[in-house]
Each structure stands twice: as C-alpha cells, then as structure tokens.
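[1] Would you be able to build a 3D model of this:
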Amino acid sequence: MSLFTPSAAWVTDEHRMFADMAARVYAQDLAPHISTWVKQGQVDRGFWEIAGAQGLMGGAVPEAYGGAGGGVGFDAITVYEQAAVGDCGWGYSIQSIVTHYLLAYGSDEQKQRWLPDLVAGRRVAAIAMTEPGCGSDLQAVSTTATKDGNQYRINGAKTFITNGQSADLIVVVAKTDPSAGARGVSLILVETEDAAGFRRGRNLEKLGMKANDTSELFFDDVKVPLTNLLGQDEGQGFYQLMKQLPWERLVIAIAALGAIDFALSETIAYVQGRRAFGKRVMDFQNTRFKLAEMKTKAEVLRAFVNDCIARAEAGTLDAATASMAKYWGSETQNEVMHECLQLFGGYGFMMEYPIARLYTDARVQMIYGGTNEIMKELIARSLDV
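    As a prediction, this is how the structure comes out:
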C-alpha cells in the first residue's frame, strides 16, 4: 500500500523515507492501541508527544517554527499512513488544518508562540466552526466576539468539534460585526488553559470514529487578547475559511484512500483464508469481480488524489477540484466498505473484525468538511460561468 502513484511528480526520496518512518511509528505506537482508545473515546495524550518527537506533525512547517521546512505533501503522507493502519481516532488532520491557518494568516509572534508546540505535540488544536443551529452555512454563525478594551469577549456555543475534549488551542469562528454578514466573520484563537468562561460539554457518542474525541464547547464571556485575532484585520474570517477549506477537503479524500487500502488488504487476506463449499471464498467469481472493481476504484482515486496533492504543493488547488476529491473520495470509501463487509459475511458484523469499525467510521466522511450535497453545489457553480 502506498499513497504514491508511480508517476507522481511531487514525490521525492524524502517523501518516501518520511512515509516509511510514519508507517513504522503507526505500526508500533498507534495500531496496537486502537481498540483501547475506541473504548475510552479518546487517544492517549502520550501518542501526540510520540508523534511530535518523531516529526510526524512538522513536515510542512518552516524550520524557524520547529518543523522540517517541507510542503503539504508531508502532511498528506501523515494523514494517509494513519488511515492505512485502520485508524481515524488520532485527530492529526485537524492539527494540520489549524497549523496551515497559522502559517497562512498568523503574525510572526503568533507563529513563534504556537507552532512549535503544535509540531511537538505539546498542544492539541481544534477549529470551532459548527454550531447547534449552523453547519455548512458559516456566514450564519451566531457566536460573537465583542471588543472590550484590549480584549475580546467571546460568547456562543459550538458542537461536533473534533479534538474538543483534548484541545489546548482552538480557532473560533465568531462574528466581530453581527450586522455585516460574511464580512463580519473573524477567526480568533482561544487558549483553553485557565480560560474563565470556557467550558467543554460531554464527549459526544457517535456512530463511528469513537476514538476521536468530539465535543460541545461553550464560551461565556471568555476574554482573550485582541492580538489573538488571526490576520491583520477583523472581518477576514470567511475569506480565510474559504481559502483553507480546499486543504481540509483534500485531507478527507486522502484519509479515504488510506482507509480503502487498509480495508482491501484485510478483505483479501480474509477471503484467501476463509473456505465455503469446499473452496476459498477468494475462488468464487463474485468475490474476484468485487475485488477487481474495488481495486480499480482505489487506483482511480489514488491518481486523482496525487494530482490534487501536486496542485496543493503548487498553491493551485481550487475549491471545485477539492470538492470533487472530497465528494468522490468519501463516496468511494463508503462503497468499498459496504462491499468489503459483505465479503466478510456474518463476521463482518462483529466488532472484533476491523471492517465493522471501518464501515461505521466511513459514514461521516460524506457529512463533515461540508456535506457531499454542498460539494456538488460548489462543483456545479464552477460550471455555471
């Protein structure tokens, strides 16, 4: 299994060595603990520190801020290799997204203050967009950030926040001018330690992704310095979100590919060993045809994902293309999980087999990061010019 296609122009020897290292770390320090973390509803904080010590989170961060100085391809590898061992519990994808917000819009002081800790795993990040009454329509957020001297007072509630239970640093989407619509949205960083008025709700019980802590967050007159505004001016938040969402959506497609590769390898091993009516399940034509179809879908997705990564490296990944990757990747992931589980038969319905967990984990991929219906609308807008 590999993220790379043979002809991927963006891949270097450094990328290949990084992928080998990431695979080893995941096999040794992540995969053996997946079941435990699923049961406890959260990944141990110690793994964040292991990942930081091994350099898994700093590939795309300049050396001045504690990283290795590479491009987003290194983040893509970290995401893929995690999914390729069957895990979606560790919330690195959000850490990567927040890191890129800071790299793109943070002041040098903000970067010096937060990036080294994010790279090292000393801090865990989250981004608080979704609200109880607002999902994909980010212009409609009701959380407010009101100036009060040299501080903002933040009031509101967020929900479905990945890394919500463990986050030390949260990018909060808030209205600094509630009368200005999209032009009134700003991004403000909140450090959760000793933040008076900040409260975490329960760790939400989900259909899948059970090791990935997901929470409600509450802000009741939470005061943060005006210097925690992301960007030089208020009202830039919606623009910042739109510019960074393509990476978030590509991350979902990359994770989908990794999960597909893992599911296929597990399924092939199972049908080669399982016997029915005196022969291997692998020897039935239906099995072979289904596997052929799924492998083809995986390779088509791999080619598209590699093209998107190359565009992201070049700074040319547009919203429509990223939406296609997210939509197609997540739809393909769900199709493959459905077919793989079917090939496991009754054992596929048992949680002791990873395919059952992979099946439930896949469903939300078509919802978060913008629903696939929203993705289709964004793609269609690019055609209606």
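[2] just checking, residue 14 is part of a helix?
    Yes. Read with DSSP: H, G, I helix; E, B strand; the rest coil, residue 14 is one of the residues of a helix.
[3] So the closest residue to it other than its chain neighbours, which state does it fall into?
    Leaving aside its sequence neighbours, residue 14 sits nearest to residue 70 (CB to CB, 6 or more residues apart in numbering; 7.1 Å). For every residue, glycine as well, the C-beta is placed using N, CA and C. Assigned by three-state DSSP, the conformation of residue 70 is coil.
[4] what's the pLDDT at residue 70?
    The model reports residue 70 with a pLDDT of 97.
[5] That one: how many residues sit nearby?
    Around residue 70 there are 20 other residues, counting by other CB atoms under 10 Å.
[6] what's the helix or strand for residue 357?
    helix 354-362 (DSSP states H and E).
[7] and the residue of the chain most remote from its centre, how far is that from residue 27?
    In the chain, counting by CA atoms, centre = their mean, residue 278 sits farthest out from the average C-alpha position, at 43.8 Å. With distances taken as CB to CB, to the nearest Å, residue 278 is found 36 Å from residue 27.
[8] In terms of secondary structure, what does the top helix by length along the chain contact?
    Using DSSP state H, we find that the single longest helix of the chain is helix 237-273. Applying 3 or more CB pairs under 8 Å, 6 or more residues apart in numbering; DSSP states H and E, one finds that helix 237-273 contacts helix 72-83, helix 92-105, strand 169-175, strand 185-191, strand 279-280, helix 285-314, helix 319-344, helix 354-362.
[9] go with 6 Å
    Secondary-structure packing of helix 237-273 (3 or more CB pairs under 6 Å, 6 or more residues apart in numbering; DSSP states H and E): helix 72-83, helix 92-105, strand 185-191, helix 285-314, helix 319-344.
[10] and those, which is most packed in?
    Compared across these, helix 72-83 shows the largest average neighbour count, a mean of 26 (mean count of other CB atoms under 10 Å).
[11] And the contacts of that helix?
    Taking contacts as CB atoms under 6 Å, 6 or more residues apart in numbering, the residues outside helix 72-83 that touch it are 3, 10, 15, 18-19, 22-23, 26, 56, 59-60, 93, 96, 251, 254-255, 258-259, 309, 312-313.
[12] Tell me the spatial nearest neighbour of the most centrally placed residue in the chain, not counting adjacent residues.
    Within the chain, the residue whose C-alpha comes closest to the C-alpha centroid is residue 93; the distance, by CA atoms, centre = their mean, is 3.4 Å. Closest residue to residue 93 apart from its sequence neighbours, by CB to CB, 6+ apart: residue 251 at 4.9 Å.
[13] tell me the domain ranges of this protein?
    Each domain of the chain is listed here as a residue range: 13-123, 126-235, 238-383, per automatic domain parsing.
[14] gap between the shortest one and the chain center?
    Offset of domain 126-235 from its chain centre (CA atoms, centre = their mean, to the nearest Å): 18 Å.
[15] Would you work out how far apart the start and end of that domain are?
    End-to-end distance for domain 126-235: 21 Å, by CA to CA, to the nearest Å.
[16] In the stretch 201-350 of the chain, where is pLDDT below threshold?
    In the predicted model of the stretch 201-350 of the chain, no residue satisfies pLDDT under 70.
[17] circling back to that earlier point, any idea how far residue 100 is from the residue nearest to residue 93?
    10 Å.
[18] what sits against residue 341?
    Residue 341 touches 348, 355, 359, counting by CB under 6 Å, 6+ apart.
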